[in-house]
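A.B. asks: Pasting the sequence and the predicted coordinates here, then a few questions.
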Amino acid sequence: MFSFCTDPDQLAGLQWLSCYLTTGKHMAFYTSFGTIMLLLIITAPVALMFGFGGAMAARSPIAPIRWFGKAYTAIVRGVPDIAFFLFFVIALDQAFEWLRHQVKCPDWAEPIRQGSDFVVCSAAKLPLSSSPQWVHEVYGFSLAILTFSIVFGAFAANVLFGAMRAVPFPQIETAQAYGMTTRQTFWRILVPQMWVYALPGLSNLWMILIKATPLLFLLGVEDIVYWARELGGSKTSAFTYPHPDWRLYYFLGLLVFYLGLTKVSEIAFDRIMKRLTLGQATTGGESQRKTPRGKATA
């Protein structure tokens, strides 16, 4: 990065440190923080969408749909996250390749399952072997996002299902008395009011999602945990910038990052809760109503 970094053997002190912290691997380490944030930004709304769909399915008057919604939440919530992540990514990858294999190679005569190997034609591979490296990385990251969304969507479905049941039933009866249809009652009465009851559970789920991001390391994505272990490990004179085992300091940096992210999240959820409960007939709304006007709007 700097002009004086051309000969590491001649460096010392701050110059050595500045050159060391601006190597290509360190730039990838800094970029991996953006990977974590991108995962959270994409996964949160997608998981919420899965959760909302699962909660609606669990409330459905149609028995097969209701069974599917309850089975989705029960199965995913009952399997340890690590086991589900390691299994589901492989299962998704093989399912996509099997579907492509059926379309692109209908004349394939050999079995796809050959012992412990899963063999499809080269045209069905995802991604193709000729694809550039960034395509492989995006594909792996997309599988990770889908897996995170399905897992945390099941937990969100359970939270939203409970929040929908927590809305006072007289609210629903009043809407029906005014002539609202079932659809109108759901979207205009139930959904707007359920968020007050769902937000505490969703905020806890968001914190768990933040803590689960190191699972990207298990899925083969080069995240901050991967680079902290890679860069912090002991380096000998065979390396350009030799140093002892510094993993303690790298992981301490990750600790500060995660604590800072959770603190910012707590502040954000607290403000959202105050806005949602304002004027609501809940404990939070009542406490705001009894607070002096100047403090309530602070």
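C.D. replies: Structure's in. What do you need?

A.B. asks: got the contact list for S149?
C.D. replies: Contact analysis of S149 by Cβ atoms under 8 Å, 6 or more residues apart in numbering lists T43, V46, A47, M49, F50. (Glycine included, C-beta is placed from N, CA and C.)

A.B. asks: Next: A63.
C.D. replies: Counting by Cβ under 8 Å, 6+ apart, there are no residues that A63 touches.

A.B. asks: and it, how far is that from A166?
C.D. replies: When distance is defined by Cβ to Cβ, to the nearest Å, A63 is 24 Å away from A166.

A.B. asks: Check the secondary structure at the residue nearest the centre of the chain for me.
C.D. replies: Centroid check for the chain by Cα atoms, centre = their mean gives T43 as the closest residue, at 4.1 Å. Secondary structure assignment for T43 (DSSP: H, G, I helix; E, B strand; the rest coil): helix.

A.B. asks: and the gap between it and Y226?
C.D. replies: T43 is 19 Å from Y226, by Cβ to Cβ.

A.B. asks: what do you get for W134?
C.D. replies: 17 Å.

A.B. asks: what does A198 give?
C.D. replies: The gap separating A198 from Y226 is 34 Å, by Cβ to Cβ.

A.B. asks: Have a look at W134 and Y226 and say which one is more surrounded.
C.D. replies: Y226 (18 against 9; other Cβ atoms under 10 Å).

A.B. asks: That one reaches L218, doesn't it?
C.D. replies: No. Applying Cβ atoms under 8 Å, one finds Y226 not in contact with L218, separated by 9.9 Å.

A.B. asks: Look up the closest residue to G201, ignoring the ones flanking it.
C.D. replies: Sequence neighbours aside, V159 is the residue nearest to G201 in space, at 3.6 Å (criterion: Cβ to Cβ, 6 or more residues apart in numbering).

A.B. asks: Tell me which stretches of the stretch 101-250 of the chain form helices.
C.D. replies: 133-166, 169-177, 182-185, 191-212, 224-232, 247-277 (DSSP state H, counting those that start in this stretch).
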